[in-house]
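A.B. asks: Fold the following.
(2 chains)
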Amino acid sequence: MTSRFAPSTARRLIRAGFGDVARTERLLADPALRSVLPDLAEPDDDVLAAFAVAADPDLALLTLARLAGAVEPASSELLARVWGDVEARARLLAVTGASAALGNALVARPADLEILADDAPGTGVVAVAVREELLVAVGADPRAGEPVATAEDATSRMRRAYRARLLRIAASDLAAGDPGQVMPAVGAALADLAGAALEAALAIARAEVGGAGAARLAVIGMGKTGGRELNYVSDVDVVYVVEPGRGVSEDEAIAVGTRLATALAAACSATGTEPALWPVDAALRPEGKNGPLVRTLDSHRSYYERWAKGWEFQALLKARPVAGDVEVGTAFTELVAPLVWSAAGRENFVEDTQAMRRRVVDTIPAGEADAQIKLGPGGLRDVEFTVQLLQLVHGRADESIRSANTLEALAALSAGGYVGREHAARFAECYRFLRVLEHRVQLHQLRRTHLMPSAEPELRRLARAAGMRAEGAAGLVERWRQVRREVRALHEAIFYRPLLPATAQLAPEEVALAPEAARARFAAIGYRDPDGAIRHVAALTEGVTRRAAIQRQLLPVMLGWFAEGTDPDAGLLSFRKLSEQLGTTHWYLKLLRDSGVAAQRLARVLSTSRYVAEALVGSPEAVAWFDDDAELTPPPAERLHSEGRALLARAPSAQAAATALRALRRRELARTSAAQVLEVLDARGAAEAVTDAADVVLAGVLEAAVDEVRRERGLDVAPSTMLVVAMGRLGGREMGFVSDADVMFAHEPAPGVGEEEAQDFATAVAALVRSLAGGLGPEPPLEVDADLRPEGRNGPLVRSLASYTEYYARWASTWERQALLRARHVAGSHELWARFAELVDPVRYPAGGLDEGEVREIRRIKARVESERLPRGVPRARHLKLGPGGLADVEWTAQLLQLRFAGTAPELRTTSTLGALDAAAEASLLDPGDARTLSEAWLLAAQLRDALVLWSGRASTAHADQLPHDRRALLGVARLLGRESGGELEEEYLRAARRARAVVERVFYD
Amino acid sequence: MDRQQEFVLRTVEERDIRFVRLWFTDVLGQLKSVAIAPAELEAAFSEGIGFDGSAIEGLTRVTESDMIAKPDPTTFQSLPWRGDRGGAARMFCDILTPDGEPSHADPRYVLKRALNKASDLGFTFYTHPEIEFYLFEPFADPTEPLVPVDQGGYFDHVARGNGHDFRRATITMLESMGISVEFSHHEAGPGQNEIDLRYADALTTADNIQTFRTVVKEVALEQGLFASFMPKPLAEHPGSGMHTHLSLFEGDRNAFHEPGAQYQLSKVARSFIAGLLVHAQEISAITNQHVNSYKRLWTGAEAPSYVCWGHNNRSALVRVPMYKPSKGQSSRVEYRALDSAANPYLAFAVLLAAGLKGVTEGYELPDGAEDDVWELTNAERRALGIDPLPTSLDRAVTIMEGSELVAETLGEQIFDFFLRNKRQEWAGYRAQVTPYELRRYLPVL
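C.D. replies: Numbers count the residues shown, from 1 in each chain, chains lettered A, B, ... in the order given. Sure, this is the predicted structure:
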């Protein structure tokens, strides 16, 4: 019966943390267990409280039962003794509750219970004592300069001694109240133990290798071993250094050293009667796995001086002699130290570290992304990387921050003023937490793993082992996620925040880097002009305004994003300009601060495209779109047109109307270019959006001009109806950011108006259209080019429909037919356009195609254009417009097909180049493969032209027509087009153009 | 610094080498050399040696003339002909752009790229060239009639012939440079010799051929003779070819060998040959790059003018040599169009690419030619599907222009340069009025 005052055994067991009550009760009734530990029959509160401390009380009890069943009489007494001592019992339950592997080992060798009975701690022991312990175990003299193992079966003895001490360390670790607190000491103890094992293994190797004295071998610990922050199960990273013994040649020393190193590794990791300890990994040595296993000091020096890459110095930062010849080991660390601490000044340091950082963040095996404690964003590696990078950058000038140990280094960085105190403390806390998780996960089976378990019971055990009994499994996972997020955030804060100047009113616990340190850090992340960057940051963040306060929050992380672009300096400068313009608006900084994407997108755009940067400075309100893809998507043409009409209606004068329309276009160019850089919009979409904006300007400006001229002349009704016909790229809806608007003007006199008066009026209107759209003004111009009109510049600017009719009936030359292929309505009377189209359709789509003479004429003109129009000094193949396989080649080919066949095949009647090619393929007038080749080359050339303008910000067409030679320009363009290498992009274009040219030779010229 | 580099520095020290010549090759196959002092060697290893590439054929684009030559320490060799004391040595170089990327205009890089493609498929490419050349008495004016050093014929032992001494001296020198010679003999033409290099991986062979040409020229000079690799120096005598044996290995196994198959040729070998045949016309401008090359190809006398293959057929373009039962590893095919004036890097690259294309696309091998294809009539050859190789450089260049295979193998920039250069060569040749024309037409017209 259960009384109200005495809870049932089941409830008491549950409260103690047992999961399976029935089984627990059965185990407690186990006769063998009872006979050795009688108080378990009716466990009192003390006993249950002791179990409650164990990570997995069920596992602990099961192990106890197995121990009780297995022990011989001598060991039963030992078990009882351990049980009788409260502290020893706590250690026993902590170990058996957290680690199935250590429990199994105890069952297999109950004599090791003695270790738990002993209250000498496993942590905080001097390394020399541990070394001595393992050397003695293999029968070597710890005081000898080169100890040699004498014991039989030394390898097994060494491994047993190692495991005994491992048990002691685990006991101290698991029985400690706060695992995070004791973690650094545990890491140090494990590293010392690994060092001692390497020393003993070397003693064994000396016994096995003949003439071992020839080589003075030092074992250098790298990675976590070197940093004295090892975890329970890990490869031990080493580098071997050898120097010849007295009177021995270098070659012989290397030969003997290699044998010693091989035998040493075998003692630690070959299979034997005792299980292996861990793999000894020498892959961090010069040339990695392909390099010789051992090298002399000189050989190391020449390698590191000449060949080592950035990451190798980062690795060497952790180098520490751990076993073997002390003098040689010390000489090695003295040798590499100056190299490590000058690494940040080496060429390619920035690129190397950026690549490393990407590796840190990216290299997670598929499927583990959500479970990795070590890798991935916010993992242990992320913490270590951040600390090491800061050490490399600032350790050059400051010796105090050169510790190989992550936590020590972090503390020193904080003390030295390189990292804010508060940030450093929180970073350290995250690191300890992650390390504790890693330790506990590994301890359970003593396996090398860095994965969070996923099953509930395992998570529960982990939570209890990590000192989060109350929070439980769910609390643990939540905390872990939170720590990962925090690590990521702190990386930015730690790395970039101190770049803010001291004058920026920082919170008292934060730091500002000294000027020299700030310069080093800016340079290390890729800013070419650190002084400029420092000035910009100061200008943005100084002062007591709310603006400066928000910038101080924003800027650190944006500095990192700028650094990911092709031109961080330009990005920061543009950001400053933009912020100075917009700083007082209420939404700008708030948006950047609160939006999930706006700030990052802004940083990307500003640091990869000068054109967009300038466009944004001109249209700062555009920043508001960055939060929303829908805002970045160009509005449909119809909406732009109604906006244009509204502007027109409101404008007090033609000049004002033109300014407003040009502003509209400026805004749309900004939107389109930003959308293209952010890959919200593809190249064809961008061309259409740019064309739409020009359409709206022309339509509006024409209306304004008609009104203006009519008013000037005091007329009530316009004496003539106007039409603007789009030609060229405008007609084809294929405009780039710097294209002119090619047009033709036409008019039709009103009934009863004289030809001359109407012509005079129309000419005035056309001239005004050109100056309103393209003349001087506060907003960027749209140049209107009417050179494609009949007779070109010699002909009248405007013609009446009758005059066009007469002209085309008599004169239409082949190139005029060709130009008319791209004619479409853009502004003015639709009725007039219908009649104009009726007039020109037979000219551009001749019913009988072209006769041979006309075809020959087109080919001849094209051939002449090729040789004459190409500017001097430009390699032909690199000219995107006029070079072989360039834009003109493809366009002429499409147009020739149209002229020949559109009379009979109406589907060819399109103003678009790609549309014409598609239609020709569809109508079997062009091989589909050829059509694809031409389209691809045309599209790539068009994209390259756009990208050149976007990258350079230069608005001259001449510049945008050439594939650049300059490597930086090539790379900038390649990045905008989503390619990694400028050289590859160059090959890609030259190849596409060559193939297109081959098609042109066949289809156009033959 | 790696071991190879240490070795180089040590050797330079021990042998008292005063100059190290850094060698590289321009697009046309001309060897270029920059000499540096041993003191500069370490810097050359770590950073390379900068030079102005704009003066070198096809090596660079006009506006970017700074190039870097980075020596390959595995190619270090002392040069035996530069006197005894204070000698010289050479290394081949890779050409890099100023930012350290391999230059797309470096022929050695073209071959390396092709070899990498093969290695992606698990193959290594081995070549074994038989290099022919003429020895002449020195001359002042190359248009005067040439005087060969002897009047011997194929395999003739010419008593105390200059050629004999010459071959011995050459071979001694080559061997002292670590280049093994397989075979050497007097060839069919007067003063004509052949020396066969031992087979090696294609990059080593190409380096060796460049060295070989230099050694032959050097030895000839020492002996008061003049050596020429011109494909067809004497109209009435055979030209100088460079028949080359090709084979692919998968690890240690000869991938061309299959016991029991016809001629012991594996499927890989058969489609490799098919690839060579299908693309032979396109790669002709590379394997036979000069106006003069086509005079060798089109004057009979065993010249491989027609695209066909045969087992031991000495008139076929691709010959499958007699199989030696005990030597499975020696299965190989011989490509016979190549001449001694080709750029070996580019030539090996396109040969490999053509063969591999056959392998990856699984080309079917047509029947082999049994007859002497020269004896057949045009109609017979057409009936058998046997095409001619291009009859002139002009034709070869036109065909190459349409070749995706060659463009991809050479890279767009070398491809473009090469075409332009060869069109110029043809135009220059066509502008000549030759003694033949004068003799033939002047008296009667």
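A.B. asks: Show me the helices in the stretch 701-850 of chain A, by range?
C.D. replies: Here the stretch 701-850 of chain A has its helices, by DSSP state H, counting those that start in this stretch, at A:728-731, A:755-774, A:801-810, A:814-820, A:830-844.
A.B. asks: Return the most buried member of the ones you listed.
C.D. replies: Ranked by mean neighbour count, these are led by helix A:728-731 with a mean of 25 (mean count of other Cβ atoms under 10 Å in any protein chain shown). To be clear about C-beta, it is placed using only N, CA and C from the backbone, and glycine gets the same treatment.
A.B. asks: Just give the number of residues close to whatever residue of the stretch 151-300 of chain B ends up closest to chain A.
C.D. replies: At 13.2 Å from chain A, B:E282 is the closest residue in the stretch 151-300 of chain B, using Cβ to the nearest Cβ. Counted with other Cβ atoms under 10 Å in any protein chain shown, residues neighbouring B:E282 total 21.
A.B. asks: which element is the residue in chain A that chain B sits nearest to on?
C.D. replies: Nearest residue of chain A to chain B (Cβ to the nearest Cβ) works out as A:L990 at 3.5 Å. A:L990 is part of helix A:982-1000 when elements are defined by DSSP states H and E.
A.B. asks: Can you tell me which of the helices of the stretch 701-850 of chain A has the worst average pLDDT?
C.D. replies: Mean pLDDT is lowest for helix A:814-820 among these, at a mean of 86.
A.B. asks: got the contact list for that helix?
C.D. replies: For helix A:814-820, the surrounding residues in contact (Cβ atoms under 8 Å, 6 or more residues apart in numbering or on different chains) are A:727-728, A:788, A:790, A:808, A:840, A:843-844, A:846, A:850, A:854, A:857-858, A:861, A:892, A:895, A:899.
A.B. asks: filter the residues you listed to the buried ones?
C.D. replies: A:727-728, A:788, A:790, A:808, A:840, A:843-844, A:846, A:850, A:854, A:858, A:892, A:895, A:899 (16 or more other Cβ atoms under 10 Å in any protein chain shown).
A.B. asks: Pick the one among the residues you listed closest to A:R163.
C.D. replies: Nearest to A:R163 out of the buried ones among the contacts of helix A:814-820 is A:W892 (Cβ to Cβ; 81.7 Å).
A.B. asks: is it true that that closest one lies in a helix?
C.D. replies: Yes: counting by DSSP: H, G, I helix; E, B strand; the rest coil, A:W892 falls inside a helix.
A.B. asks: Tell me which residues touch it, please.
C.D. replies: The contact partners of A:W892, taken as Cβ under 8 Å, 6+ apart, are A:818, A:858, A:862, A:1000, A:1004.
A.B. asks: The third one reaches A:V1000, doesn't it?
C.D. replies: What it means is A:K862. No: when contacts are counted by Cβ atoms under 8 Å, A:K862 is not listed as touching A:V1000 (9.2 Å).
A.B. asks: Give me the more crowded residue out of these two.
C.D. replies: A:V1000 (26 against 20).
A.B. asks: Please report phi then psi for the spatially closest residue to the residue of chain A closest to chain B that is not a sequence neighbour.
C.D. replies: Leaving aside its sequence neighbours, A:L990 sits nearest to B:E412 (Cβ to Cβ, 6 or more residues apart in numbering or on different chains; 3.5 Å). Phi and psi for B:E412, reported as degrees, to the nearest 10, are phi -60, psi -30.
A.B. asks: Measure how buried B:E412 is and give me the count.
C.D. replies: Other residues within reach of B:E412, judged by other Cβ under 10 Å, total 20.
A.B. asks: B:G50 now?
C.D. replies: 12.
A.B. asks: Please apply the same query to A:P142.
C.D. replies: Using other Cβ under 10 Å, A:P142 has 17 other residues around it.
A.B. asks: I figured it hits A:L135, correct?
C.D. replies: Yes: shown here, A:P142 and A:L135 form a contact pair, counting by Cβ under 8 Å, at 4.5 Å.
A.B. asks: quick one: low-confidence parts of chain A?
C.D. replies: Under the criterion pLDDT under 70, the flagged ranges of chain A are A:1-7, A:71, A:347, A:357-369, A:502-510, A:955-958.
A.B. asks: Now do the buried residues in the helix holding A:L990.
C.D. replies: For helix A:982-1000, by 16+ other Cβ under 10 Å, it's A:982-983, A:985-1000.
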